[in-house]
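Trainee: what's the 3D shape of this:
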Amino acid sequence: MFRRATLTILLAIMCLTTYSQEVEPLLFADTSILDIELHYNFDELKRDYDNDPNYHSAELRYKNNWGGMARFDVEIKTRGIFRRNPNNCSQPPLWLRFNSKDVRNTPFERINKMKLVLQCYDRSSYDQLLLKEFLAYKIYSIVSPNNYKVRIARVTQIDRITNNKIVMYGFFIEPADMMASRLKGRLDDRKNIHPNACNKSETTRMAIFQYMIGHTDWSIKALHNITLIEPADAAPPIPVPFDFDFSGIVDAPYALPAEHLPIKSVRERYFNGYCRSLEEFKVEVDYFNSKKEEIIDCIKSFYLIDAKNRSRVIDYVNEFYDIINDDKMVKKEFIEGCRTD
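Mentor: Numbering: from 1, shown residues only. Sure thing, here's the model as predicted:
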């Protein structure tokens, strides 16, 4: 009897362990800075920035738990739209593709393909921009459980031909399929789904968050900087946002609002969400107020961002809270300014 009970407990632990690994990739279970090296041919990669770039060979090295440098082959290619263009950024964001056998027993285990966001330029001011974009992901994880996990990295890029080095910050974004699995759903890649056909509360909350960080470069219908997750019970899809570099909270020098919007700067907020009743918006105001202290603490404690930029981000977030706690501004921004199309 004892042996049978013990076996049952062991099987239960094994199931729990398997489930935990399934929903929490090892790379994102750790929140420390990951030091990695990427060895590749700089010119070969950066010349390949057209609409259909190819994968190129590279080697990834990382510092393991024993202080040594582990290494394995990867494939990388440029990605994105604006930042992939060399006229806009000297450093494109990347796709990394892994061989499943090579990444066993590494932080990258179970990951086949993943995004790596890098600084637009190798300048100290641009590391702050990247870190503020990373911070936007962390803030959204406070606002909603339906979010992408991210992992900060210190990335040393080494040219295989010249041995030149570029050291900058970057961050990995959880693969979309893993994110959907973790949230017990599946990806819904259908376009032209109307936002009002999505989960009403999550869609409203997400739109208000985008307003909070001053971000208008997103669309549920076009799946632009939005991933839709269909819950396991076939309930209405849930929008999960990503790519916040065109937001006011980041305030990148290259970021401009779309020409059709009545704002001149991304620092100007514009509500891109759909109409709800005043009562529904007030529910969200109460919710965001309940998260204020946690959000401000998150910003204050993110010391990779310098004091000046942290203070500026806090001021920008406090402006949002001044707006949502002013009944006249709520009416103007959310009731009169909401979308009906």
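
Trainee: tell me where the stretch 101-250 of the chain has strands.
Mentor: Under the criterion DSSP state E, counting those that start in this stretch, strands of the stretch 101-250 of the chain are mapped to 113-118, 150-159, 165-173, 185-188, 226-231, 238-241.

Trainee: winner for burial among those strands?
Mentor: strand 238-241 (a mean of 23; mean count of other C-beta atoms under 10 Å). Where you see a C-beta, it was placed from the backbone N, CA and C, and this is true even at glycine.

Trainee: show me what the helix or strand just after it is packed against.
Mentor: Toward the C-terminus, strand 238-241 is succeeded by helix 278-300 as the next helix or strand (DSSP states H and E). Secondary-structure packing of helix 278-300 (3 or more C-beta pairs under 8 Å, 6 or more residues apart in numbering; DSSP states H and E): helix 124-143, helix 200-212, helix 307-324, helix 327-330.

Trainee: now render these as TSV, adding mean pLDDT, mean neighbour count and distance to D188.
Mentor: Listed next are the helices and strands packed on helix 278-300 as TSV, based on pLDDT from 0 to 100; neighbours: other C-beta atoms under 10 Å; distance: least, C-beta to C-beta, whole Å:
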stretch	mean pLDDT	mean neighbour count	distance to D188
helix 124-143	96	20	19
helix 200-212	98	22	13
helix 307-324	98	16	29
helix 327-330	97	12	31
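
Trainee: need the ones you listed in a markdown table (columns: distance to D189).
Mentor: Shown next, in a markdown table, are the helices and strands packed on helix 278-300 (distance: least, C-beta to C-beta, whole Å):
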| stretch | distance to D189 |
| --- | --- |
| helix 124-143 | 21 |
| helix 200-212 | 17 |
| helix 307-324 | 31 |
| helix 327-330 | 34 |
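
Trainee: quick one: closest of those helices to A176.
Mentor: Between A176 and those, the tightest spacing by C-beta to C-beta is seen for helix 124-143, at 13.9 Å.

Trainee: tell me the angle the closest one makes with strand 113-118.
Mentor: For helix 124-143 against strand 113-118, the angle by axes from the mean of the first three to the mean of the last three C-alpha atoms, to 10 degrees is 130 degrees.

Trainee: and helix 124-143, how far out from the chain middle?
Mentor: From the chain centre to the centre of helix 124-143 is a distance of 9 Å (C-alpha atoms, centre = their mean, to the nearest Å).

Trainee: ok, which of the helices and strands packed on helix 278-300 comes nearest D297?
Mentor: helix 124-143 (9.4 Å).

Trainee: which strands and helices sit next to the closest one?
Mentor: strand 113-118, strand 150-159, strand 165-173, helix 200-212, helix 278-300, helix 307-324.
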